[in-house]
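what's the 3D shape of this:
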Amino acid sequence: MKNFQQEEQEVLHKESGIFGASLHRRSFLQYAGAGAAGIALVAAGCKKDNETSGSGVNLGSGDIGILNYAYALEQLEAAFYDAVIKTPYSNMPANELSLLTDIRDHELAHREFFKKALGTSAIPGLEVDFTSINFSSRQNVLATAKVFEDLGVSAYNGAGKLIKSADYLLLAGKIVSVEARHAALIRDLIENGTFANMEVIDANGLDKARTPAEVLSMAQSFLKTSINASNLPS
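Predicted structure coming up:
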């Protein structure tokens with residue numbers, strides 16, 4: 001399969017780039033720009049230990065490892081939504097196309113943000129495996145989107161305690177809040193009123209949190225590239 005970062009480069013050029021697509025998309029990157037610069041300074045001084053090997057792509061260690069972990073998930077989500085928009089499911093209503101396009105653009109922005117911020121410490125582009133997804137079926141696409149969004153929210157929630165830098169934690173909080181909005185929307189597209197049911201919110205009104213090991217185990221079925229998270233903090 002062709003590297004999906006190369007495939008999506010055409011989308012970025014076609015639509016004048018994610019960074020200039022519309023005001024709300026520009027705003028996200030401008031708002032997060034200072035954080036990206038800060039991450040890049042740290043990443044530039046880190047040893048590049050995330051090359052692909054027999055044990056898979058190594059995410060690295062410490063905060064940079066956690067940022068690469070988030071980057072890997074954003075790559076997966078961006079690839080999924082890009083495929084959804086390139087091949088809309090049968091009879092997709094105009095409002096759903098618009099909403100899913102916005103989500104696609106957010107995920108592309110997240111992916112590009114981490115890629116730029118991590119610089120030479122960024123993991124390479126991951127190769128996805130979406131053969132289990134029927135992109136012509138609304139039910140299957142939205143069900144998969146629900147899995148990705150709920151997984152993404154729980155991933156950021158679970159990774160928060162592992163981040164040492166207050167600046168990085170702030171950035172993660174800004175991104176997980178967007179992911180939670182996506183999750184709520186997808187759930188309501190499937191069944192109105194299910195945006196915050198007991199599947200994801202517990203009796204204390206708290207959302208789920210998953211460890212990197214749990215998240216990557218669930219995400220691996222959608223990836224051809226193997227992920228090595230053995231050096232992540234715990």
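
need the contact list for the most centrally placed residue in the chain.
Centroid-nearest residue in the chain: residue 74, 2.1 Å away (criterion: CA atoms, centre = their mean). Neighbour list for residue 74: 107, 110, 111, 114 [criterion: CB atoms under 8 Å, 6 or more residues apart in numbering]. (Glycine included, C-beta is placed from N, CA and C.)

low-confidence ranges, the protein, go.
1-54 (pLDDT under 70).

wouldn't residue 200 be in contact with residue 210 here?
No. Assessed by CB atoms under 8 Å, residue 200 is found out of contact with residue 210, at 11.3 Å.

which residues do those two both contact?
residue 154.

still on that earlier bit, and the contacts of residue 74, which is closest to residue 183?
Within those, the smallest distance to residue 183 is 12.5 Å, found for residue 107 (CB to CB).

one step back: next helix or strand past the helix or strand containing the residue nearest to the centre of the chain?
Following DSSP states H and E, one finds residue 74 within helix 62-86. Downstream of helix 62-86, the next assigned helix or strand under DSSP H and E is helix 94-118.

how near is the residue lying farthest from the centre of the chain to residue 210?
What lies farthest from the middle of the chain is residue 203; by CA atoms, centre = their mean that is 27.2 Å. Note on residue 203: its distance to residue 210, by CB to CB, to the nearest Å, is 18 Å.

try residue 120
29 Å.

just residue 147 next, same as before
12 Å.

do residue 79 as well
21 Å.

tell me the buried residues in the helix holding residue 74?
If you call a residue buried by 16 or more other CB atoms under 10 Å, then helix 62-86 has these buried ones: 62-84.

again with stretch 220-232
Within stretch 220-232, judged by 16+ other CB under 10 Å, the buried ones are 222, 223, 225, 227, 228, 229, 232.

specify the beta-bridge partners of the fourth one.
Right, residue 227. residue 57 (DSSP bridges).

same thing with the second one?
In this entry, residue 223 is beta-bridged to residue 128, by DSSP bridges.

show me the contacts for it.
Taking CB under 8 Å, 6+ apart, one finds 76, 126, 127, 128, 129 in contact with residue 223.

quick check: the first one touching residue 219?
Read it as residue 76. Yes. The pair residue 76 / residue 219 is scored as a contact, 6.1 Å apart, by CB under 8 Å.
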